[in-house]
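> Here is my input; please provide its structure:
(2 chains)
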Amino acid sequence: MLRDSERRQADMSIEIHNVSKTFGSFSALKNVSLQVPSGELVALLGPSGSGKTTLLRIIAGLEIPDPGSGPVFFHGDNISDRSVAERQVGFVFQHYSLFRHMTVFENVAFGLRVRPRRMRLRKDEIRRRVFDLLKLVQLEQAANLYPSQLSGGQRQRIALIRALAVEPRILLLDEPFGALDAKVRKELRRWLRLLHDEMSITSVFVTHDQEEALEVADRITVMNAGRIEQEGTPEQVYHQPANSFVCNFLGNVNLFRGRVHNGRVCIEDLEVARSRDGYTERTPVVAYVRPHDIEISRQQDREFTILARITHIRTAGATVRIELKRHDNGEFVEAELNRNRYLELGLQNRESVFIKPQNPQIFVADYVI
Amino acid sequence: MSMQNAAILSKPNAARAIGDSRGVRWVLTGVALAFLGLFLFVPLVAVFVEALKKGLWAYLQSFSDPDARAAIGLTLTTAGIAVPLNLIFGVAAAWAIAKFDFKGKSVLTTLIDLPFAVSPVISGLIFVLIFGLHGWAGAWLAEHNIKVIFAVPGIVLATVFVTFPFVARELIPLMQSQGTEEEQAALVLGASGWRMFTRITLPNIKWGLLYGVILCNARAMGEFGAVSVVSGHIRGQTNTIPLYVEILYNEYNFVAAFAMASLLTMLALVTLAAKSAIEWKFADEPSKCSGTQREDRRI
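Reported below is the predicted structural model:
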């Protein structure tokens, strides 16, 4: 029995083809296709209104896609016409949605108790299963409390094991840590990662927090305005963003404008990359540079060409963050140095220095603001 | 809101901070109490004083009259039919309005309030126009020998109409504030629609529902206007308690009239007691739960 369910979980991929969803006149999803490999933990990452929650709810069956949308497959089975209950998914809601009139124990046991009689476990088995799960999240002592008597983090953990109690084929989490404070959040996401590694249940979670996605997920699907912008490992989306949106959304970036000149991409006088296919002479480009890829020097030379004035220095934290204002166009640049480099340079506020952008991500400036 | 105000006023320091001096508070409280005494307490006492004027024996004797018994029976029957019907209708309507979006939702919401907006006499008249001998369905009903107007069915119909907003009105805001997430969670966990309703929705609305039922019942038993129009005042057959009180009073049978009235008064007192007991319980429970959940969203 257990081995059987393990095997079921072991190969449970999700496939979605050309799904669209409109609410009134608002188009939340536009022809989205997604594949979630079996056993992986995938993050749907995007700003609010990007359609990530809608996509998750369509997978769960809580939302019905527009007519004409393609099918949803769970491990090759077309489940588009199955009801929410039949899909056997675990769903963790953003605001926990614990049953407020039931104790923690009753909450976790609910899914086991509402099973059809022939599939229902015996009373003592239900009890054992619930306490095993409570032990897993170290909340056995809370079994007889009501959800209102728990902290946010505890509620979220109960919501998670309530979803897991029915041995779902797929685990779906809607902004699972959105309502928690930073410290609990961090703890819980590490815990989620461990849990996932242990159970290797195919999981999809929605988040708008890029740090959370980068830290927890095996793969990240970046969404924007109802479309998927990029799909890949955290490495890929962070280091090889497919477009300027992805680059912008994943972490802080500085924007530099440049042009193609003599077959090279230049920011001001500095050559930062070779020209690519499709770039012609004088094509305007934008280059995104992460704060830790901004180098600072007192001397001007061939590489350090951009003059900027330091407007603010924040030394609290592992790295030193420096805000600069460019002399030529007045734009702000954020740089991040490690402490040693900062002390070595001995930078002062209001001082003028030269900066060099490194490892830029270059895109054709299709929209010029 | 009102509870917050009460809490503030109960603290003398806070009251001073708002700027109400002791004198103003005394005057306001005094006016309110005097008003209540004059318009509520004195009539309440008067009912019992008049009813017991000729002694307890005469008071009890007035209930042994067959017509009085019939009136009590009819009132109980009417409420017994109208309240369960409105319970089902109210829950269904509130469910539909609070949990779903559909075309014509605002029309439905407005229609639910209609019986509150229309004078009860007009409500009764509408049924006479439809089911009366010269009404739309009158000829057909007469042919099949079905009596609606001046009979029990008409009284029940009028009562259902007049009392149908109570349960729905009570539940709609409650269900709206609770949202649908718990229901969705139940569905995802594999519950059927019926189980979701009985295990999740119903427990969450039980106090509000009970409150609505109590108010609905009080009105169903006490309704005069609409019932008066459709009843025909046939002694022993189509008189409810309120109608019978009027007849007795018009016949100068004061002790009997007030004795019957005292029944309704006692119903009112019981209703009030039950209502405040529920409010007390009700205020205790959701504030414990939904209040803290809402706090969380702020974080």
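> who in chain A is up against chain B?
Counting by CB under 8 Å from any CB of the partner chain, chain A comes close to chain B at A:60, A:62, A:83-85, A:88-91, A:93, A:95-101, A:110-111, A:114-115, A:146-148, A:152, A:155, A:162-163, A:166, A:179-181. No exception for glycine: its C-beta is placed from N, CA and C like everyone else's.
> give me the number of residues near the residue of the stretch 101-250 of chain B found nearest chain A?
The minimum distance from the stretch 101-250 of chain B to chain A, using CB to the nearest CB, falls at B:L189 (3.6 Å). Applying other CB atoms under 10 Å in any protein chain shown, we find 28 residues neighbouring B:L189.
> Provide a list of residues in contact with the closest residue to it other than its chain neighbours.
Spatial nearest neighbour of B:L189, excluding adjacent residues (CB to CB, 6 or more residues apart in numbering or on different chains): A:G111 at 3.6 Å. When contacts are counted by CB atoms under 8 Å, 6 or more residues apart in numbering or on different chains, A:G111 touches A:R162, A:A163, A:A165, A:V166, B:L189, B:G190, B:A191.
> Is it possible to get a markdown table of these that adds distance to A:E336?
Converted to a markdown table, the contacts of A:G111 look like this (distance: CB to CB, whole Å):
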| residue | distance to A:E336 |
| --- | --- |
| A:R162 | 41 |
| A:A163 | 38 |
| A:A165 | 44 |
| A:V166 | 45 |
| B:L189 | 45 |
| B:G190 | 49 |
| B:A191 | 50 |
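> could you redo these as TSV and give each row secondary structure and distance to B:A98?
Formatted as TSV, the contacts of A:G111 follow (DSSP: H, G, I helix; E, B strand; the rest coil; distance: CB to CB, whole Å):
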residue	secondary structure	distance to B:A98
A:R162	helix	24
A:A163	helix	25
A:A165	helix	28
A:V166	coil	27
B:L189	coil	21
B:G190	coil	24
B:A191	coil	19
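> And those residues, which of them are buried?
For the contacts of A:G111, a burial check counting by 16 or more other CB atoms under 10 Å in any protein chain shown picks out A:R162, A:A163, A:A165, A:V166, B:L189, B:G190, B:A191.
> Confirm for me that the second one is in contact with A:Q88.
Translated: A:A163. No. Checked against CB atoms under 8 Å, the pair A:A163 and A:Q88 is beyond contact range at 11.0 Å.
> Low-confidence bits of the chain, can you list those?
Since no chain was named, I'll use chain A. A:1-10, A:366-369 (pLDDT under 70).
> wait, chain B
Across chain B, the ranges flagged by pLDDT under 70 are B:1-19, B:282-299.
> ok, now with 80
The model of chain B has pLDDT under 80 over residues B:1-20, B:279, B:281-299.
> Domain-wise, how is it divided?
B:1-51, B:53-296 (automatic domain parsing).
> check contacts around the residue lying closest to B:L171 once chain neighbours are set aside.
Among residues not flanking B:L171 along the chain, B:A94 sits closest, at 3.5 Å (CB to CB, 6+ apart). Taking CB under 8 Å, 6+ apart, we find B:A94 in contact with B:V167, B:A168, B:L171, B:I172, B:L174, B:M175, B:I205.
> Sort out for me which of those residues are in helices.
Counting by DSSP state H, the part of those found in helices is B:V167, B:A168, B:L171, B:I172, B:L174, B:M175, B:I205.
> My guess is the first one contacts B:V91. True?
Yes. Counting by CB under 8 Å, B:V167 sits close enough to B:V91 to count as a contact (6.8 Å).
> Spell out which residues are contacts of both of those two.
By CB under 8 Å, 6+ apart, the residues touching both B:V167 and B:V91 are B:L209.
> Between those two, point out the one with more neighbours.
B:V167 (30 against 20).
> helices or strands next to the helix or strand containing A:E235 in the packing?
Element membership for A:E235 (DSSP states H and E) is helix A:234-239. Here helix A:234-239 touches helix A:210-216, strand A:219-224, going by 3 or more CB pairs under 8 Å, 6 or more residues apart in numbering or on different chains; DSSP states H and E.
> and the next element down the chain from the shortest one?
Just to be clear, that refers to strand A:219-224. Following strand A:219-224 in sequence, per DSSP H and E, is strand A:227-232.
> which parts of that next one are buried?
So strand A:227-232, judged by 16+ other CB under 10 Å, has buried residues A:I228, A:E229, A:Q230, A:E231, A:G232.
> Kindly reformat these as TSV containing distance to B:T265.
As requested, these are exported to TSV (distance: CB to CB, whole Å):
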residue	distance to B:T265
A:I228	69
A:E229	71
A:Q230	74
A:E231	73
A:G232	76
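> ok, how many other residues are close to the closest residue to A:F131 other than its chain neighbours?
Leaving aside its sequence neighbours, A:F131 sits nearest to A:E140 (CB to CB, 6+ apart; 6.1 Å). A:E140 has 15 neighbours, counted by other CB under 10 Å.
> Near the residue nearest to A:N18 when sequence neighbours are not counted, how many other residues are there?
Among residues not flanking A:N18 along the chain, A:G70 sits closest, at 3.8 Å (CB to CB, 6+ apart). Look at A:G70: counted by other CB under 10 Å, it has 17 neighbours.
> where does A:G70 land in three-state SS?
coil (DSSP: H, G, I helix; E, B strand; the rest coil).
> for B:T109, same thing?
helix.
> That concludes my questions; thank you for your assistance.
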